[in-house]
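> Attaching a predicted model along with its sequence, questions to come.
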Amino acid sequence: MTSSVVDTDTEFGARVAERLDSEQIVWLTTVGPSGTPQPNPVWFLWTEGTFLIFSKPEQAKIRNIRHNPRVALHLNSTATGGDVVVLTGTAHVEGVAPGDAETGALLAKYREGLAGLNITGAKFTAAYSAPIRVVPDRVRGF
């Protein structure tokens, strides 16, 4: 279930790939029951062309994805509105925890953030026990 939507052979695609590897936050936008977009900043791991996001199981984003799996993700722009990256795709709440390699990579990426929240990796994965996988099918930006 990998995506090849980011073409690293282009200047834009290479910049997007670099940002997906280094950015700390992506905005995940789901659609609520009333049809209203619901953006939320989330921690993520970009792995094999997909996004891995952990959520608390009872969050609205989980219910929204189960009702409508189409989502958008975007990275923060510059202060003047440049370097825009928006991806759209399909999200799935996984019933099985991701493998140790992916979970470990996400926990390593957010080591400082977890320390700042005074939470261990084990406590994080216990509380945020609903893994979401997003397979993007389109990327746009400038």
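Perfect, I can see it now.
> Number of residues surrounding residue 104?
When neighbours are defined as other CB atoms under 10 Å, residue 104 has 13 of them. C-beta coordinates here come from the backbone N, C-alpha and C atoms, glycine included.
> quick one: average pLDDT of the lengthiest helix in the chain?
Assignment by DSSP state H gives helix 11-22 as the longest helix of the chain. Per-residue pLDDT values across helix 11-22 average out to 94.
> Kindly report the same for stretch 75-87.
92.
> for stretch 27-43, which positions count as buried?
Of all the residues in stretch 27-43, those buried under the rule 16 or more other CB atoms under 10 Å are 28-31, 42-43.
> To clarify, my last question referred to stretch 130-142.
The neighbour-count check on stretch 130-142 (16+ other CB under 10 Å) flags 130-136, 139, 141 as buried.
> now stretch 43-60
Neighbour counts over stretch 43-60 (16+ other CB under 10 Å) mark 43-47, 50-55 as buried.
> about what we covered before: dump the buried residues of stretch 27-43 to TSV, plus secondary structure and distance to residue 12.
Converted to TSV, those look like this (DSSP: H, G, I helix; E, B strand; the rest coil; distance: CB to CB, whole Å):
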residue	secondary structure	distance to residue 12
28	strand	22
29	strand	21
30	strand	26
31	strand	27
42	strand	23
43	coil	24
